[in-house]
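A predicted structure for the sequence below; I have some questions about it.
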Amino acid sequence: MPELPEVEVTRLSLADRIAGARIESVRLGKPLRWPLGVVAEALVGRTVRGVRRRGKYLLMDLDDGLLLLHLGMSGSLNFAASQPPAGAHDHFDLLTDRGILRLNDPRRFGAVVYAPGEDSAQAAKLLGRLGVEPLTDAFDPAAFHAGLKRRHAPVKQVLLAGDLVVGVGNIYASEALFLAGIRPTLRASRISRPRAEKLRSAVRDVLARAVAKGGSTLRDFSSADGQAGYFQLEAMVYDRAGLPCRVCGAAVKSIRQGQRATYFCPNCQKS
DNA sequence: AAAAGCCCCTGGATGC
DNA sequence: TGCATCCAGGGGCTTT
């Protein structure tokens, strides 16, 4: 589920409502990617200052420290005045004086990490390897092209890796490459400057439009106020294997790259 | 340094 | 109906 648009939509649906909330208690379900353990007690009494996003991480600024949330493959947040009894996949509740923030994550690839201060080694390690934010001016054509030049892997996998540019997951990588007319298997280093600029624009365009549509709800994503996303209805190639390309009518192809499905139009993306 | 695999986990869809 | 197999929006870690 959650690529940059879904995480950003979650943030937008949550930030204003939770800002200023005082944490009263924490409920833990099964362990997520890393067990939060007794550290949960350190959260009690803290106040939430705001919510930022870095790549696919949500960063909750506290009056003392930082709480990192990652939705993994199947996670979603819900923030409401009250919550039903915790279900089998509700693994983290933050009970505050403004409502309860609940993380539901069936596959448990998500994570909650508490960074007590600026010096949290774990947080620094996780955030330190992240590439540039695609929707900011820091995502500039020259640097992006130079980064691609340095990589010999297929461009789809370079986009997914997240160390050059963050936030592009499996849906939006295929979509951006379609918009740019680039074959996903093309080695990143072989992309010309003009095509790199086209790809940069495509990445920004598809991510921004997906945020505007509330993200993509493939099975169960919803924002923190329960809204589904609708961008999946506009997908040009993702999950459309065998169906006609919306531009030229050729059959969309599906291949596997690094154990993930990739979709492209063999006619619109010749190289 | 970069690339390629492996693995974490659960549930839904498909096929026999 | 039951059971096995494959696949799914991510990414950290280990091995080449």
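Nice, thanks for sending it over.

pLDDT weak spots in chain A?
A:1, A:118 (pLDDT under 70).

quick one: the helices in it?
Listed in chain order, the helices of chain A (DSSP state H) span residues A:4-12, A:15-18, A:121-128, A:141-149, A:155-161, A:170-180, A:193-212.

Quick one, which of those gets closest to residue A:114.
Ranking these by distance to residue A:114, with CB to CB as the measure, places helix A:121-128 first at 8.7 Å. Using the backbone N, CA and C atoms, a C-beta is placed for each residue, glycine as well.

and chain A, what are its domains?
A:4-128, A:141-264 (automatic domain parsing).

Out of those, flag the one nearest residue A:134.
Using CB to CB, the nearest of those to residue A:134 is domain A:141-264, at 5.1 Å.

Spell out which parts of chain A neighbour DNA strand C.
Contact residues, chain A versus DNA strand C (CB under 7 Å from any atom of the strand): A:1-3, A:6, A:33, A:55-56, A:70, A:72-74, A:107, A:109, A:125-126, A:129, A:160, A:162, A:169-171, A:215-221, A:229, A:259-261.

Serialize the domains of chain A to a markdown table and add fields for mean neighbour count.
Supplementary listing: those in a markdown table, determined by neighbours: other CB atoms under 10 Å:
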| stretch | mean neighbour count |
| --- | --- |
| domain A:4-128 | 18 |
| domain A:141-264 | 18 |
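
could I get these as CSV with distance to residue A:270?
What follows is the domains of chain A, written out as CSV (distance: least, CB to CB, whole Å):
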stretch, distance to residue A:270
domain A:4-128, 28
domain A:141-264, 7
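
Compare these and give me the one nearest residue A:271.
That would be domain A:141-264 among those, by CB to CB, at 5.3 Å.

The helices of chain A: which one's closest to residue A:78?
helix A:4-12 (9.5 Å).

orientation of that closest one relative to helix A:193-212 in degrees?
Per axes from the mean of the first three to the mean of the last three CA atoms, to 10 degrees, the angle that helix A:4-12 makes with helix A:193-212 is 40 degrees.

How far does helix A:4-12 sit from its chain's centre?
7 Å (CA atoms, centre = their mean, to the nearest Å).
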